[in-house]
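Asks: the following comprises the amino acid sequence and a computationally predicted model.
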Amino acid sequence: IKIIIIGAGIGGLATYHAFREYLPFATIQIYDAHPSPLQPLSDDKYSSKLQVIGGGISLGPNGQRAMAAFAPAALTYIRDRAFEYSAVKFVNQYGKVLGEFPFGSKERYGYGQLMATRAMVHEGFLVGEDREVDGNVNWSSNVLRVWEETDNEGCVCVEFVDGTVERCDLLIGADGARSQTRNALYGEEYKPYYDGLTGFGGFIPLSSFTPFTRDALIKTPKPTIALSRIGGFGFSLLAPLNSPDTQKKHIWFSHVEIKNPLPRDTPRFDMMPLLLDRHGSWKSIYDDPGDECQILFRQIITVACGSKEDNNWLMLPRFYTPLLPYWTSVGGLSGSQAKHGCGRIILVGDSAHALPPEGAQGVLCAVEDCLTLALLLKHFLNKLHSETGVDILKADIPQEVIKHAILKSAEAYEAIRIPRVNKILTQAKGKADRKKQIGWVQDKIREIAVRVMSYLPESFLHDEIFGYDVKVHVANYLDVSEDSL
């Protein structure tokens, strides 16, 4: 069975590792439109251009549990470089603590919450699990179009901008919110849309802060989110507590309600007045009492907007895809293709569901997608082997066998994943909408809600999300034991 993965981001590489673990007999090819982000410096060190692309990621226990099932070395790579925490503190713009509640503790879920950079997670999948992965990706390969042949033989075709065409039994679209693969199912019907918020953020070296603020941030490193009627501002440590101070950085993130998205190359210095006007006078326990001008929020904004360091500054207009009615070609094909396919085109990650960051589940849902699909393909191929005697390890598996296994896997994949992800997406979108400017009454209601939530048990708040185990849900759907997967 030949599988092509479009996209070598986190979702695409996670799919590659999951398939290698559970479908070792498959031939897997990966294509990505960008050049390789890695430049080897030595046997165990790399220079990554991805260090300046993408913001921070909160990796919850559910995603780590899934990663441990197919990429344990990548998970270790990430954990060794991330900041682990178990609670989040909420304050108002005057520095008053509104509440603090648990957010994925290791004691309850087996894995602690991690704060990491997107680049670090990507590198974990590129070099942490298997250093040969980078060499197995066909970099700088731009996809022009994708289509599924629905005749008796059946296959998926991928045409690249250079005119070459590749064929495969199964194609995985992991090419992000602006997915070319998704166009094979929907055309332009479900294009990403701008939600009216633009995110700002970056990574500030601790050495950039005043000594008082730097020491206070190290002593109380818990992630903090400050709330006001005009939006929020969050910050957190971004390295293990035992790492050298020279390697410690702080992640910061904010958002502004802007009607139309600004150009991505808007000079950061031009945004300083806007951010200082919104947050420059906000108070916190980290403010330097020796200098009234050196309050935390002003320090962060001044360093981020005034420095030339790429990592200090990110401006990300927020685009999301609407809820998709289906994620595989079983649901339909676009254009002149047959009305329905055989499930040979399957979307994972942001191609299927670009989640708002308020859900803190974007990467984690992508990882769950990959493991779910790998387990289902393994199950249905093994089932056909036991029922028909076909040796799935051979290169010449009958097409009818492959077609049936893929179809059943695609149907099960949608049945398991769509309800969970759509619920997370809907809840996250609601949180994002509440970050837009609100009235005084709404603000007070939110403060009361935060205080109430800080007294609720962690099981009530997070078991549905952080307690999720892909293997348990796949086994329950298939009515088999977990050990058989």
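Replies: Thanks, I have the structure now.

Asks: for this protein, give me the ranges with low pLDDT.
Replies: Within the chain, the ranges that satisfy pLDDT under 70 run 39-53, 131, 152-153, 309-311, 336-338, 390-396, 432-435.

Asks: can you tell me the element the residue nearest the centre of it falls in?
Replies: Central residue of the chain (CA atoms, centre = their mean): residue 363, 2.1 Å from the mean position. If you go by DSSP states H and E, residue 363 is part of helix 362-388.

Asks: quick one: the following helix or strand past that helix to chain centroid distance?
Replies: Going down the chain from helix 362-388, the next helix or strand is helix 399-433, by DSSP H and E. The chain centre lies 16 Å from the centre of helix 399-433; the measure is CA atoms, centre = their mean, to the nearest Å.

Asks: next SSE after helix 399-433?
Replies: The element immediately downstream of helix 399-433 (helix or strand, assigned by DSSP H and E) is helix 440-453.

Asks: which parts of that following helix are buried?
Replies: 443, 446, 447, 450 (16 or more other CB atoms under 10 Å). For every residue, glycine as well, the C-beta is placed using N, CA and C.

Asks: hmm, the residue nearest to the centre of the chain is touching residue 121, no?
Replies: Yes: with contact defined as CB atoms under 8 Å, residue 363 reaches residue 121; the gap is 6.5 Å.

Asks: residues contacting the nearest residue to residue 68 once chain neighbours are set aside?
Replies: If the residues on either side of it in the chain are set aside, residue 68 comes closest to residue 75, at 5.6 Å by CB to CB, 6 or more residues apart in numbering. Counting by CB atoms under 8 Å, 6 or more residues apart in numbering, residue 75 touches 64, 67, 68, 124, 128.

Asks: quick check, residue 178 in contact with residue 192.
Replies: Yes: under the criterion of CB under 8 Å, residue 178 makes contact with residue 192 at 6.1 Å.

Asks: more neighbours: which of those two?
Replies: More crowded of residue 178 and residue 192, by other CB atoms under 10 Å: residue 192, with 17 against 14.

Asks: list the contacts of the more buried one.
Replies: 177, 178, 319, 320, 321, 354 are the contacts of residue 192 under CB under 8 Å, 6+ apart.

Asks: and what of residue 388?
Replies: Shown in contact with residue 388 (CB under 8 Å, 6+ apart): residue 401.

Asks: residue 299 now?
Replies: So residue 299 contacts 208, 209, 210, 213 (CB under 8 Å, 6+ apart).

Asks: if I look at the last one, how far off is residue 220?
Replies: This points to residue 213. Relative to residue 220, residue 213 is positioned 11 Å away (CB to CB, to the nearest Å).

Asks: please enumerate the shared neighbours of those two.
Replies: Going by CB under 8 Å, 6+ apart, no residue sits against residue 213 while also sitting against residue 220.

Asks: ok, those two, which is more surrounded?
Replies: residue 213 (23 against 12).

Asks: need phi/psi at residue 115.
Replies: Phi and psi for residue 115, reported as degrees, to the nearest 10, are phi -110, psi 120.

Asks: which one of the contacts of residue 299 is nearest residue 88?
Replies: Using CB to CB, residue 213 comes nearest to residue 88 of the contacts of residue 299, at 20.0 Å.

Asks: list the residues that contact the closest one.
Replies: Residue 213 sits in contact with 286, 287, 288, 294, 296, 299, where contact means CB under 8 Å, 6+ apart.

Asks: any idea how far it is from residue 240?
Replies: Remark: distance between residue 213 and residue 240 (CB to CB) = 20 Å.

Asks: do you know how far the residue nearest to the centre of the chain is from residue 269?
Replies: 31 Å.

Asks: and for residue 403?
Replies: Residue 403 is 57 Å from residue 269, by CB to CB.

Asks: neighbour count winner among these two?
Replies: Remark: of residue 403 and residue 269, residue 403 carries more neighbours, 18 against 12, as counted by other CB under 10 Å.

Asks: the more buried one touches residue 341, doesn't it?
Replies: No: if you go by CB under 8 Å, residue 403 and residue 341 don't touch, sitting 10.6 Å apart.

Asks: can you list residues touching both of these two?
Replies: Joint contacts of residue 403 and residue 341 (CB under 8 Å, 6+ apart) do not exist.

Asks: dump the buried residues of helix 440-453 into CSV; add distance to residue 306 as well.
Replies: Shown next, in CSV, are those (distance: CB to CB, whole Å):
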residue, distance to residue 306
443, 31
446, 32
447, 33
450, 33
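
Asks: wait, which of these is closest to residue 101?
Replies: residue 450 (8.2 Å).

Asks: now stretch 190-200: buried residues?
Replies: 190, 192, 195, 196, 197, 198, 199, 200.

Asks: confirm the last one sits in a strand?
Replies: The reference is to residue 200. Yes: membership of residue 200 in a strand is supported by DSSP: H, G, I helix; E, B strand; the rest coil.

Asks: and residue 439, how many neighbours?
Replies: Residues near residue 439, counting by other CB under 10 Å: 9.

Asks: next: residue 164.
Replies: 10.
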